[in-house]
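Enquirer: here is the input, now give the coordinates:
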Amino acid sequence: MNTFKHKSLYAALAGLGALGATGVAQAVSVNHDGLGQVLIYPYYTVRTVPTGLVGSDAAYNSLLSVVNSTASVKAVKVRFLEGKNSREVLDFNLYLSAKDVWTTAIIPTTDGAGIFTADKSCTVPTVSSSSASPTQFVNFAYTGSNDDKGGTSLDRTREGYVEIIEMADYAAGTSTHTAATHVSGVPPCTLSALTAPTADNNALPGAGGLFGSMTLVNVLKGEDFGYDPTALDGFSTTKLWFPEGDVRPTLAFVNPKTSVVVSGFNVWVTTGYTGERKSEESCVEAEDSGEILMRGAPIAAASVVHLSAHAKTENVRFAASRYIVDGIVGGAFNTNGEGIDDMLLALVSKLSENDTVQEIATGGPIA
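Expert: Numbering: from 1, shown residues only. As a prediction, the model looks like this:
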């Protein structure tokens, strides 16, 4: 467990557009203070880059943190997705104490990537604490009957993105709260209290308050890039607890299926499908999450390039709900989805001195 001192990040909403959204009682939206029920970390990498020395390459490590800023114990689903076609490579359940900070490092392995953590917060299944033997990313979601024609190598796991979705809060006095609460820096992590049926029976709807960070560091290159994840608030009014090994919840589990987007003086309120969940309808359900990341924000990129200074610009595009709209529901995969934000995940544009970039998404898939 790591504890933190909360820094005030709250800012007053301004503009008539924000006022226009006040009539919506519950709707998913991007929280620009960085606090929410869902955190989306758009990029991780353990790729190697040349150091400038003959025969010497250096790999990045990606260092992730998630913080529970509230006084409640929380259960969250942590999901890692690879960068070529948004296929899941690892997930587990994480239990956070009140005011808890959990950290992990994504590191390269012989064939792909994996994670380890020195943190004591409870994970089910247990995440490795050894950098020499990390919990390895897997390729089950894009091999065999799940083959998406994007290649079956574990090399695909070396870059991608991360989702953290709040599943539940736990009240003091419940066995799950006790199992996840640190005592002298270490929680009991009583497995029976953190798994079905107890963890499900004790679960309450999550109340948000998560934030985090990601740092991409390459020691040998002397490079360090940091960013904050995108936070979605108002994601669900119901508990979303699912056991370890279950791919749920996903971004399709918005409840109610209503999104609010504010851009200047414009307010968009969209209500999605509210009936029985079916694979072909998951696109609509995911749209409430995807839409708030896309609506009113054309995609454009500026570049800084100077060959003599060895400067270049790399732009990353990712599709947060691609694995849903492509048909990954209940373990079934297909590759003919037409997603609302069906851009190539982790599309890196390496610009030459004369290149310019002006990529505009006006809604719908990009061909």
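
Enquirer: rest of the way, CA atoms for contacts and neighbours
Expert: Will do.

Enquirer: is residue 266 in a bridge, and if so with what?
Expert: residue 263 (DSSP bridges).

Enquirer: any figure for the gap between it and residue 260?
Expert: In this view, residue 266 and residue 260 are 10 Å apart by Cα to Cα, to the nearest Å.

Enquirer: higher neighbour count, these two?
Expert: residue 260 (24 against 14; other Cα atoms under 10 Å).

Enquirer: residue 271 is in contact with that one, correct?
Expert: No. With contact defined as Cα atoms under 8 Å, residue 260 does not reach residue 271; the gap is 9.1 Å.

Enquirer: would you map the helices across the stretch 101-250 of the chain?
Expert: Using DSSP state H, counting those that start in this stretch, the helices of the stretch 101-250 of the chain run over 175-180, 191-194, 198-201.

Enquirer: out of those, deepest packed?
Expert: helix 175-180 (a mean of 24; mean count of other Cα atoms under 10 Å).

Enquirer: contacts for that helix?
Expert: By Cα atoms under 8 Å, 6 or more residues apart in numbering, the list of residues contacting helix 175-180 from outside reads 73, 95-97, 121-122, 170-172, 187-191, 193-194, 198-199, 202.

Enquirer: buried ones among those?
Expert: Among the contacts of helix 175-180, those classed as buried by 16 or more other Cα atoms under 10 Å are 73, 95-97, 121-122, 170-171, 187, 189, 191, 193-194, 199, 202.

Enquirer: and the pLDDT at residue 185?
Expert: At residue 185, the pLDDT value in this model is 93.

Enquirer: what about it, neighbour count?
Expert: 12.

Enquirer: and it, how far from residue 92?
Expert: Distance from residue 185 to residue 92, by Cα to Cα: 22 Å.

Enquirer: likewise for residue 132?
Expert: 20 Å.

Enquirer: please apply the same query to residue 250.
Expert: 13 Å.

Enquirer: picking up where we left off before, between residue 132 and residue 92, point out the one with more neighbours.
Expert: residue 92 (19 against 9).

Enquirer: which of the buried ones among the contacts of helix 175-180 fall in strands?
Expert: Among these, the ones falling in strands (DSSP state E) are 73, 95-96, 122, 170.

Enquirer: hang on, isn't residue 43 packed against residue 160?
Expert: Yes. Here residue 43 reaches residue 160: they are 5.5 Å apart, a contact under Cα under 8 Å.

Enquirer: starting from the helix or strand where residue 89 lies, tell me which strands it pairs with and how they run.
Expert: Following DSSP states H and E, one finds residue 89 within strand 88-96. With DSSP bridges as the test, strand 88-96 is paired with strand 73-82 (antiparallel), strand 122-124 (antiparallel).

Enquirer: the ones you listed: which one's closest to residue 61?
Expert: Residue 61 lies closest to strand 73-82 among the strands paired with strand 88-96, at 14.6 Å (Cα to Cα).

Enquirer: state the mean pLDDT of the closest one.
Expert: 98.

Enquirer: in it, what counts as buried?
Expert: 73-82.

Enquirer: who's in contact with residue 58?
Expert: By Cα under 8 Å, 6+ apart, the neighbours of residue 58 are 48-51, 218-221.

Enquirer: please name the nearest non-neighbouring residue to it.
Expert: residue 48 (5.0 Å; Cα to Cα, 6 or more residues apart in numbering).

Enquirer: quick check: phi and psi at residue 242.
Expert: Per-residue torsions, residue 242: phi -140, psi 150 (degrees, to the nearest 10).

Enquirer: look up how far residue 196 lies from it.
Expert: 8 Å.

Enquirer: the two: who's more crowded?
Expert: A side-by-side neighbour count of residue 242 and residue 196, using other Cα under 10 Å, places residue 242 first with 20 against 15.

Enquirer: what is the neighbour count of the residue nearest to the more buried one when sequence neighbours are not counted?
Expert: If the residues on either side of it in the chain are set aside, residue 242 comes closest to residue 248, at 6.2 Å by Cα to Cα, 6+ apart. Using other Cα under 10 Å, residue 248 has 20 other residues around it.

Enquirer: could we number from 83 for the rest of this?
Expert: Sounds good: first residue 83 from here, last item residue 330.

Enquirer: dihedrals phi and psi, residue 330?
Expert: phi -80, psi 160.

Enquirer: ok, it touching residue 336?
Expert: No. Residue 330 lies out of contact with residue 336 (Cα under 8 Å); the separation is 11.9 Å.

Enquirer: pLDDT value on residue 112, please?
Expert: So residue 112 comes in at 88 (pLDDT).

Enquirer: so what sits opposite it in the bridge?
Expert: residue 314.

Enquirer: same check, this time on the one 10 residues further on
Expert: Residue 122 forms beta bridges with residue 245, residue 312, as assigned by DSSP bridges.

Enquirer: how about TSV for the buried residues of strand 155-164, with distance to residue 188 added?
Expert: Putting the buried residues of strand 155-164 into TSV (distance: Cα to Cα, whole Å) gives the following:
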residue	distance to residue 188
155	25
156	23
157	21
158	18
159	17
160	13
161	13
162	10
163	12
164	12
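
Enquirer: which one among these gets closest to residue 119?
Expert: Checking the buried residues of strand 155-164 against residue 119 with Cα to Cα, the nearest one is residue 158 at 9.0 Å.

Enquirer: much appreciated, bye for now.
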